[in-house]
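In: can't give you the sequence, but here's the structure:
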């Protein structure tokens, strides 16, 4: 005599639980998206995920300079000298603090702790020596203490 170990309903529940478990396993293997940084000039907004990010942990010292200087921005923003450039970051970035780097050089001493700020476009196209440029790489850099935890790149192109 054979006895069924599971009824039809029990088998269906078991199969459903197995499918849910397999789905969760597949989803856990996906990369989580990085927090977003956004640049807005006039009515044009561009958002980007981090170029370098270590899931909120410090980026290795050996990788920082290469990420700041060698990685190119995926997004280009046209900026006139008299435009207001608005920066917006995910609250997670603001909680840690963030600073701007211009062409790989730190432009600010203290991290900014709010999610939004506005800076005149002219600030991005003149150097300390007084020379002007038509193209600048701007990096938003998330900091945690003295450690860098995320870097977002944008290229600004000067318009007339």
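Out: That came in fine, so what should we check first? In this text, all values refer to a predicted model and were calculated from it rather than measured experimentally.
In: and the residue nearest the centre of the chain, what does it touch?
Out: Most central in the chain under C-alpha atoms, centre = their mean is residue 50, positioned 3.1 Å from the mean C-alpha point. For residue 50, the contact set (C-beta atoms under 8 Å, 6 or more residues apart in numbering) comprises 34-35, 37, 142, 150-152. Where C-beta positions appear, they are placed from N, C-alpha and C, glycine not excepted.
In: One more pass at 7 Å, please.
Out: Contact analysis of residue 50 by C-beta atoms under 7 Å, 6 or more residues apart in numbering lists 34, 150-152.
In: what bridges to the residue lying closest to residue 40 once chain neighbours are set aside?
Out: Among residues not flanking residue 40 along the chain, residue 86 sits closest, at 4.2 Å (C-beta to C-beta, 6 or more residues apart in numbering). Note on residue 86: beta-bridge partners residue 40, residue 118, judged by DSSP bridges.
In: Tell me who's in contact with residue 86.
Out: So residue 86 contacts 40, 116, 118 (C-beta under 7 Å, 6+ apart).
In: Most neighbours among those, which one is it?
Out: The most neighbours of any of the contacts of residue 86, using other C-beta atoms under 10 Å, belong to residue 40, which has 18 neighbours.
In: what about this protein, any weak spots by pLDDT?
Out: For the chain, the stretches flagged by pLDDT under 70 are 1-31, 127-130.
In: Show me what the longest strand anywhere in it packs onto, helices and strands only.
Out: For the chain, the strand reaching the highest residue count under DSSP state E is reported as strand 147-159. If you count contacts as 3 or more C-beta pairs under 7 Å, 6 or more residues apart in numbering; DSSP states H and E, strand 147-159 packs onto strand 44-48, strand 52-53, helix 61-70, strand 76-80, strand 135-144.
In: ok, and what's touching the fourth one?
Out: Read it as strand 76-80. Outside strand 76-80, the residues within contact range by C-beta under 7 Å, 6+ apart are 39, 41, 46, 85, 121, 124, 154-160.
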